[in-house]
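Just the structure for this:
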Amino acid sequence: GGQPPLLVERRAKGKRVTVISGVRGNARALCTALTTLLGVGGTVHAKGALADVEVQGEQVERVAQALTQLGCLRGPTGAKAPAPATVVERGCGYDAFLKEEEGTRKERKERHRAGPTLEPPEPPEDAPCRAWHGYWICCSGHCDRTPSSLDVWDLESLDPFLEHERFVPVRAAPAAAGAKTLSGLQRLGMAAEVGVAVLSYREELAQEAARRAAPKASLCAQTASVELRERDPL
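Residues are numbered from 1 along each chain as shown. The predicted structure follows:
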């Protein structure tokens, strides 16, 4: 009862073939797969809803192994044999966390919450700028007051390369570095001062503005002057 439907038959000239009887489904695909695996020839004989697949040679064991490998054999009840269960084991550090009880995770979370927190430093109370801006968490002790009419989103007024009447420079914080440090920064090109390139760019802007502001003769006046010179060359 549990043996595969395989038998060996003799053909003309003493040749033998292995026959798989009662094949359901795509018998031609099964024949192609078997001939490819075994490296021999084969054929299919249809018999109503079923079919017989013939493979050249007497090789019942090889055909049975190939059918098992392809998963084409069924049990006596018509169901496929269940595949053996595969247990996959992994070593992941996160598994230990998942196995912890809920109470342990809550204790750990509370312990982290109870840790030290960094508080921002309080602004100095004796700062002179506190007289006009009051209590301000971002106060550094030497705040500068800017005109309230200055629009911080007006990019033209804040362009350092353009002279604008609305741009009011504010006094910078007193520099802690001395003349010796400033001289060293200048030699390294790291001093915060206007360089030659900026001065050259400002000069070009001034020349362009002067050129645009210079009066120009109209096209009609130029045409009339040319006509007068042509009529009276002297």
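
contacts and neighbour counts: CA atoms only from here.
Noted.

Which pLDDT value does the model give E208?
pLDDT recorded at E208 is 90.

That should have said G91, apologies.
Confidence at G91, expressed as pLDDT, is 65.

now do A177
54.

What of A224?
A224 carries a pLDDT value of 68.

What's the end-to-end length of stretch 187-198?
18 Å (C-alpha to C-alpha, to the nearest Å).

how about that stretch: buried residues?
Neighbour counts over stretch 187-198 (16 or more other C-alpha atoms under 10 Å) mark no residue as buried.

and if you look at stretch 19-38?
Residues of stretch 19-38 classed as buried by neighbour count (16+ other C-alpha under 10 Å): 19-23, 27-28, 30-31, 34-35.

List just the nearest of those to R11.
V19 (11.5 Å; C-alpha to C-alpha).

Find the nearest non-adjacent residue to L67, please.
L73 (6.3 Å; C-alpha to C-alpha, 6 or more residues apart in numbering).

Point to the helix or strand of this structure where mean pLDDT is at its lowest.
helix 102-113 (a mean of 61; mean pLDDT, DSSP states H and E).

Which strands or helices does the helix or strand following that helix pack on?
Following helix 102-113 in sequence order, the next helix or strand is helix 130-133 (DSSP states H and E). Contacts defined by 3 or more C-alpha pairs under 8 Å, 6 or more residues apart in numbering; DSSP states H and E place helix 130-133 against no helix or strand at all.

secondary structure class for V8?
Under DSSP: H, G, I helix; E, B strand; the rest coil, V8 falls in the strand class.

beta partners of it?
Under the criterion DSSP bridges, V8 forms beta bridges with T18.

and G141, what helix or strand is that in?
Assigned by DSSP H and E, G141 falls outside every helix and strand.

Neighbours of it, how many?
For G141, the neighbour count with other C-alpha atoms under 10 Å is 14.

Okay, domains of the protein per the record?
6-70, 146-229 (automatic domain parsing).

which of these has the lowest average pLDDT?
For the domains of the chain, the weakest mean pLDDT is recorded on domain 146-229, namely a mean of 68.

so where's the longest helix in the protein?
If you go by DSSP state H, the chain has its longest helix at helix 196-213.

Surely the residue nearest to L67 touches V63?
No - contact status for L73 versus V63: not in contact, 11.3 Å apart, counting by C-alpha atoms under 8 Å.

From A179, how far off is C31?
Taking C-alpha to C-alpha as the measure, C31 falls 96 Å from A179.

Apologies, that question was intended for T18.
T18 is 104 Å from A179, by C-alpha to C-alpha.

out of those two, which sits in the busier spot?
T18 (20 against 8).

mind checking the end-to-end distance for stretch 10-20?
One end of stretch 10-20 to the other measures 14 Å (C-alpha to C-alpha).

Give me the neighbour count for the closest residue to S140 other than its chain neighbours.
Closest residue to S140 apart from its sequence neighbours, by C-alpha to C-alpha, 6+ apart: P123 at 6.4 Å. P123 has 15 neighbours, counted by other C-alpha under 10 Å.
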